[in-house]
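Engineer: With the sequence up front, the predicted model follows.
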Amino acid sequence: MIGNGARVRVDDRFHAGHHRVPGYLKGREGMVMTCLGHFPNPEARAYFRSGEPELALYQVRFRQADLWEDYAGGAADTLDADIYEHWLQPLEDGR
Amino acid sequence: MSTAQPHRHPQAADDPSSDYEPLERAIRELLIEKGILNAAAIQRRIEVMDSLTPANGARLVARAWTDPDFKARLMADAAGVLAEEGYELEHSPTVRVVENTSHVHNIIVCTLCSCYPRMVLGLPPAWYKKKAYRARVVREPRAVLAEFGTELPEDMEVRVHDSTADIRYIVLPCRPEDTDDMDEDALAALVTRDALIGTAPARAPRDR
């Protein structure tokens, strides 16, 4: 389990088939806000497999300024995405 | 001659009536033929979907504005509240409500497809499914909001929710000013579909 407030990086990897993580978040760092529960792996279900065992799903918050170099909005603006545990790498240093 | 060519709209990829229509028909007919579904069951689902409208969300918001206990339960366990209210959530993703405040404005999108809280609000508006909205609202939300007529102060946090997984989001907008004497029905009339998605605030009460 990844705790609330933990810093994480979204894995920047490729595999064949369905990726249930938006491309613009790959390689980006954010903060886990909460665990939303456990759900079957949609990347397996996409190919008629059960998706078991279920994966933890986390609400992860990103700073918009960290996502887009030319972000034109306010400094406080954020983006939340729901990301399964196998895409998240906890960052040791906590920054 | 080229005049015999069917007209191809430039947005054809976003048009559900294009190549998907024969595909849908083929799958539907196969499911019926194999006895997995029948036409009456499909018709019933269509009727249920057609009966769901943004007015459902507006009623929830109006009640949350007037009943603090209801609001607390809605924020803590929206799916539980919706089930109590008679919504069919059994085969649905779960639902969360996110609250606008004086310093946070929430807005909903699904960049991977077009996930939407259909089990409460019914079908999404066409623009919600367009690639333009989905691509732009995550990287220039304030420009998109401005096109909806929504200008927010620079120091307010705009929080985009990309509903990429098993959760569907509904925005609880701020209660407009000068509405203290309004009852739930009158308040619900201020809550538009766009306010529930977050592209606009709730409407101000009519000049009285």
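Structural biologist: Thanks, I have it. Everything quoted here is computed from the prediction, not taken from an experiment.
Engineer: and chain A, which of its residues are near chain B?
Structural biologist: A:20-22, A:24, A:36-37, A:39, A:42, A:57, A:59, A:61, A:64, A:67-68, A:71-74, A:76-84 (Cβ under 8 Å from any Cβ of the partner chain). (Each C-beta comes from the backbone N, C-alpha and C, glycine too.)
Engineer: Now that we have these, which of them are buried?
Structural biologist: Neighbour-count burial (16 or more other Cβ atoms under 10 Å in any protein chain shown) is assigned, among the residues of chain A next to chain B, to A:20-22, A:24, A:36, A:39, A:42, A:57, A:59, A:61, A:64, A:67-68, A:71, A:73-74, A:76-84.
Engineer: Can you pull out the low-pLDDT segments for the chain?
Structural biologist: Using chain A. A:93-95 (pLDDT under 70).
Engineer: right idea, wrong chain: chain B
Structural biologist: Of all residues in chain B, those with pLDDT under 70 make up the ranges B:1-17, B:207-208.
Engineer: Give me the contact status of the helix or strand hosting B:D69 with chain A.
Structural biologist: With secondary structure defined by DSSP states H and E, B:D69 is part of helix B:68-76. No: no part of helix B:68-76 sits close enough to chain A to count as contact by Cβ under 8 Å from any Cβ; the gap is at least 12.1 Å.
Engineer: buried residues in that helix?
Structural biologist: In helix B:68-76, counting by 16+ other Cβ under 10 Å, buried: B:K71, B:L74.
Engineer: Show me what secondary structure element comes after that helix.
Structural biologist: On the C-terminal side of helix B:68-76, the closest following helix or strand by DSSP H and E is helix B:78-84.
Engineer: quick one: buried residues of that next one?
Structural biologist: The neighbour-count criterion (16+ other Cβ under 10 Å) identifies B:A78, B:A79, B:V81, B:L82 as the buried residues of helix B:78-84.
Engineer: cool, and stretch B:98-118?
Structural biologist: In stretch B:98-118, the ones that count as buried by 16+ other Cβ under 10 Å are B:98, B:100, B:105-112, B:114-117.
Engineer: Give me the distance from it to the chain's centre.
Structural biologist: Stretch B:98-118 has its average C-alpha position 8 Å from the chain's average C-alpha position, going by Cα atoms, centre = their mean, to the nearest Å.
Engineer: Just the endpoints, please. Distance across it?
Structural biologist: With Cα to Cα, to the nearest Å as the measure, the first residue of stretch B:98-118 is 16 Å from its last.
Engineer: Ok, stretch B:138-157 next?
Structural biologist: Distances were taken as Cα to Cα; on that basis the terminal residues of stretch B:138-157 are 14 Å apart.
Engineer: for the closest residue to B:Y133 other than its chain neighbours, phi and psi?
Structural biologist: Excluding the flanking residues, the one nearest B:Y133 by Cβ to Cβ, 6 or more residues apart in numbering or on different chains is B:W127, at 5.3 Å. Backbone geometry at B:W127, expressed as degrees, to the nearest 10, gives phi -70, psi -30.
Engineer: what's the distance between B:W127 and chain A?
Structural biologist: Using Cβ to the nearest Cβ, to the nearest Å, B:W127 is found at 19 Å from chain A.
Engineer: Run through the bridge partners of the spatially most central residue of chain A.
Structural biologist: With distances taken as Cα atoms, centre = their mean, chain A has A:I83 as the residue nearest its mean C-alpha position (3.5 Å). Partner residues in beta bridges with A:I83: A:Y58, with DSSP bridges as the criterion.
Engineer: sorry, back to before: figure out how far the helix holding B:D69 is from the centre of its chain.
Structural biologist: Helix B:68-76 has its C-alpha centroid displaced from the chain centroid by 20 Å (Cα atoms, centre = their mean).
Engineer: and what of stretch B:170-185?
Structural biologist: Relative to where its chain is centred, stretch B:170-185 has its mean C-alpha point 19 Å off (Cα atoms, centre = their mean).
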